[in-house]
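Colleague: Mind folding the following:
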Amino acid sequence: MSRINLDSIFKYSRANNVRDGADPNELLDSGIGFAQLGSSAKDMTQLIAERLSAADETDRACSVHDRAARILDDALDTAFENGWQPAELVHVTRQSAGSDGAVVMVEAIGSHMARSSADSLAPDFWRDQLSELNVESAGGTTADRLRRLRSYNRRSSAQSWYTLLLVLGCATWLLPLETLLPPPTRWTSRTTPTGPRQMADSKMLGRIRGLLAKAESTQFPAEAEAFSAKAQDLMTRYAIDSALLDEGNSRSLIDDVVTRRIMVSNPYSKAKLLLLHSVCKANGARTVWKKKYMLATVIGLPVDLDLCELLYTSLLVQSARALDEVGESPTSRTRSFRHAFLIAYAHRVGERLHDARTRATAAATQQHGSALVPIMAKRSDAVDRAYAARYPSTKTIKFGSDNAQGWLAGRAAAELADLTGGRERIDKSDLAS
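Modeller: Residues are numbered from 1 along each chain as shown. This next block holds a predicted model:
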């Protein structure tokens, strides 16, 4: 039977429960089912939210609210055991249920944080996410937190129910992800404190981050180019020095290849993904796109991924600023122009980063000798083999645009965001400062 027919039967069966006076628990089940179907069942989800709102005046209101909270708790427990991390859950919830839904998810994660003792047992990277999300363990159960949200916010009861149904529909319909951190059931007092973003040399990466921050903040393109060029030079030298140090390690390089996930947000998510891919490709890493959840998986050696994340974050800021600077005319405000601009920007940045990597490797080869070439080739081969083993069934996606003005403007902007041009002019005394 086709998916369309299955969906039709599902909707028909659920619709039988959407009636005046229906049991609130039946309404809750129906609402979650419709929310799982997404925008195609939006009207039915809203209708059930209104029915649940009317049920708030009855004696059964408290029990159905508590049951909704328990369903959300169970969904979080399952998601975390299936590879999801806190920031990713909030990210995907925001796509499905908006900012109000993200607030609900943060509160549910806070409840999970308390009952799992995450503040003392979770890996550092997990706790970093909780801190960035401003998750608080003190606040009671999920049911307590949802009651406070309903009393504090200015949304109607029907709107609050609608948001909660969307959150529940999203949380109960998540597919497993690759496990990158130990899930809560494997946390102990000896859980390794390190996460996937542990920096090998925090001092060096701090200098790189500082240069990129200056490139992002200045209003002068030439100054931004100089800061970015310094950062790119440090990044390339850092990666090559790390490769030389790793050569003396008896471990197989393929065992050192790691996987991380990066959240890509709307608008223009495809262009942002292409920018990430361009940065990763130029720095010895690979990317895989999980479109359903707008999550990009990056595969590479830890040092290279550290540098990719720093550079990608900086280029996102610079590309957004460049787009704002050309956004004065009616033509440049259109979606097609802006999409083409960002696609072209990513393409051109990728070309320049590739050229920079080639030049830097050639310069390093002169300094360290011909032995560097096979060392870098071994690292690339290790990443390729790990990628093929972990993701054997991927397919290539293409990016394009038919807005010529946006394309030309994007490539021109990428010239100003060049992270390689002028690098040869930088004096080594400048880099030491």
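
Colleague: And the residue nearest the centre of this protein?
Modeller: M263 (0.9 Å; Cα atoms, centre = their mean).

Colleague: What is the neighbour count of the residue lying closest to it once chain neighbours are set aside?
Modeller: Leaving out its chain neighbours, the residue that sits closest to M263 by Cβ to Cβ, 6 or more residues apart in numbering is H91, at 4.5 Å. In this view, the C-beta of every residue, glycine as well, is placed from N, C-alpha and C. H91 has 20 neighbours, counted by other Cβ atoms under 10 Å.

Colleague: got the buried residues for the helix or strand encompassing H91?
Modeller: H91 belongs to helix 86-116 when assigned by DSSP states H and E. By neighbour count with 16 or more other Cβ atoms under 10 Å, helix 86-116 contains the buried residues 86-97, 100-114, 116.

Colleague: Which strands and helices lie in contact with it?
Modeller: Secondary-structure packing of helix 86-116 (3 or more Cβ pairs under 8 Å, 6 or more residues apart in numbering; DSSP states H and E): helix 61-81, helix 124-132, helix 142-152, helix 157-171, strand 258-263, strand 295-300.

Colleague: Deepest-packed of the ones you listed, please.
Modeller: Stretch with highest mean neighbour count among the helices and strands packed on helix 86-116: helix 157-171 (a mean of 24; mean count of other Cβ atoms under 10 Å).

Colleague: any idea of the mean pLDDT in that one?
Modeller: Mean per-residue pLDDT for helix 157-171: 97.

Colleague: for stretch 142-151, same thing?
Modeller: 93.

Colleague: Keeping just the C-alphas, turn it into CSV.
Modeller: Taking C-alpha atoms only, stretch 142-151 is exported to CSV below (Å, rounded to 0.1, in the frame of the first residue of the first chain):
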residue,chain,number,x,y,z
THR,A,142,8.7,18.4,33.2
ALA,A,143,5.1,18.6,34.2
ASP,A,144,5.9,21.3,36.8
ARG,A,145,7.9,23.2,34.2
LEU,A,146,5.1,23.1,31.6
ARG,A,147,2.6,24.3,34.1
ARG,A,148,4.8,27.3,34.9
LEU,A,149,5.3,28.0,31.2
ARG,A,150,1.5,28.1,30.7
SER,A,151,1.0,30.4,33.6
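
Colleague: Specify the beta-bridge partners of the residue nearest to the centre of the chain.
Modeller: M263 forms beta bridges with L295, as assigned by DSSP bridges.

Colleague: Please name the residues that touch the residue nearest to M263.
Modeller: By Cβ atoms under 8 Å, 6 or more residues apart in numbering, the residues touching H91 are M263, S265, Y293, M294, L295.

Colleague: Which members of these are the farthest-apart pair?
Modeller: S265 and Y293 (11.6 Å; Cβ to Cβ).

Colleague: Tell me which of those two has more neighbours.
Modeller: Comparing S265 with Y293 by other Cβ under 10 Å, the one with more neighbours is Y293, at 21 against 12.

Colleague: thought that one was touching E88?
Modeller: Yes: judged on Cβ atoms under 8 Å, Y293 makes contact with E88 at a distance of 7.4 Å.

Colleague: helix/strand/coil for the spatially closest residue to A213 that is not a sequence neighbour?
Modeller: Spatially, and ignoring its direct neighbours in sequence, A213 is nearest to S314 (7.8 Å; Cβ to Cβ, 6+ apart). With DSSP: H, G, I helix; E, B strand; the rest coil as the basis, S314 sits in helix.

Colleague: Please tell me how far S314 sits from D241.
Modeller: According to Cβ to Cβ, to the nearest Å, S314 stands 21 Å off from D241.

Colleague: So between the two, which is more surrounded?
Modeller: Comparing S314 with D241 by other Cβ under 10 Å, the one with more neighbours is S314, at 24 against 15.

Colleague: correct me, but the more buried one touches A215?
Modeller: Yes: using Cβ under 8 Å as the test, S314 is close enough to A215 to be in contact (6.4 Å).

Colleague: Chain neighbours aside, what residue packs nearest to V303?
Modeller: V303 sits nearest to S242 (Cβ to Cβ, 6+ apart), 4.4 Å away.

Colleague: give me the element that neighbour is part of.
Modeller: Going by DSSP H and E, S242 is in helix 221-246.

Colleague: which helices and strands sit right next to the helix or strand following that helix?
Modeller: Remark: after helix 221-246, the chain's next helix or strand is helix 253-256, criterion DSSP H and E. Here helix 253-256 touches helix 372-390, going by 3+ Cβ pairs under 8 Å, 6+ apart.

Colleague: Same question for the helix it packs on: list its buried residues.
Modeller: Neighbour-count burial for helix 372-390, counted by 16+ other Cβ under 10 Å, picks out L372, M376, R379, A382, V383, A386, Y387.

Colleague: among these, which two are most distant?
Modeller: L372 and Y387 (22.8 Å).

Colleague: Does A75 touch L168 like I think?
Modeller: Yes: here A75 reaches L168: they are 7.0 Å apart, a contact under Cβ under 8 Å.
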